[in-house]
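[1] sequence unknown, structure follows:
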């Protein structure tokens, strides 16, 4: 899986801080933005996060290019409805034989052999349907596995990203979307370190919010950012 940050709102930390201050100031938004100071923004954004005043986080957004994600994971991803998605179409694009293989399958040679055999068989049938029988791609795709790789572009605002990271960086999250979230968090922290200083699962910043805890809380942010489940 490859994840790229394609675009983002310029100066995201400053924009969120200025948008919060406009609520309590009689000067213009432009003047507020010009007067932003890094140390003041850090304190203000921390207070916004603690108080739950997250509507200000919605003023900045981030656009990601995601390649090599399985359809299994993309179906989980689109459940985050406060986001915009543009995904590779199996109706119009001829599919290759790229399939995402789970780590548990890779670790077992016999299971890997069976998995690959079945995936190859499905793709061979797809090719026959489209090339020999002239079945439309939109119908032939029904035979492709859920693990078939896909590419997409996704945009989320910072508030939804916090929600996404809280859920998908939990140790109990499915391994592939967990890895996606980890790579995304690394990218956004480079551009907005203050805004995402406390992004992640609840166990890092308090206590676990899951009804069924994994009982293995992350020690700190460093462990989270370097902990790959695949």
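    Received, thanks. This one's a predicted model, so the numbers in the text were calculated from it and none came from an experiment.

[2] please count neighbours and contacts with C-alpha atoms only from this point.
    Noted.

[3] mind giving me the domain split of the chain?
    According to automatic domain parsing, the chain comprises the domains 2-86+150-226, 91-143.

[4] lowest average pLDDT across those domains?
    When the domains of the chain are ranked by mean pLDDT, domain 2-86+150-226 comes last with a mean of 91.

[5] residue 84 - that's part of a strand, no?
    Yes. Counting by DSSP: H, G, I helix; E, B strand; the rest coil, residue 84 is found in a strand.

[6] on the three-state scheme, the nearest residue to it once chain neighbours are set aside is what?
    Spatially, and ignoring its direct neighbours in sequence, residue 84 is nearest to residue 155 (5.1 Å; C-alpha to C-alpha, 6 or more residues apart in numbering). Under three-state DSSP, residue 155 falls in the strand class.

[7] what's the spacing between residue 155 and residue 173?
    Per C-alpha to C-alpha, to the nearest Å, residue 155 is found 21 Å from residue 173.

[8] just residue 79 next, same as before
    14 Å.

[9] what about residue 32, how many neighbours?
    Summarising burial for residue 32: neighbours were counted as other C-alpha atoms under 10 Å, giving 19.

[10] just list the residues touching residue 194, thanks.
    13, 41-42, 45 (C-alpha atoms under 8 Å, 6 or more residues apart in numbering).

[11] columns distance to residue 162, neighbour count and secondary structure on top of those residues, output as CSV?
    Below are the contacts of residue 194 laid out as CSV (distance: C-alpha to C-alpha, whole Å; neighbours: other C-alpha atoms under 10 Å; DSSP: H, G, I helix; E, B strand; the rest coil):
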residue, distance to residue 162, neighbour count, secondary structure
13, 14, 22, helix
41, 18, 21, helix
42, 17, 18, helix
45, 13, 25, helix
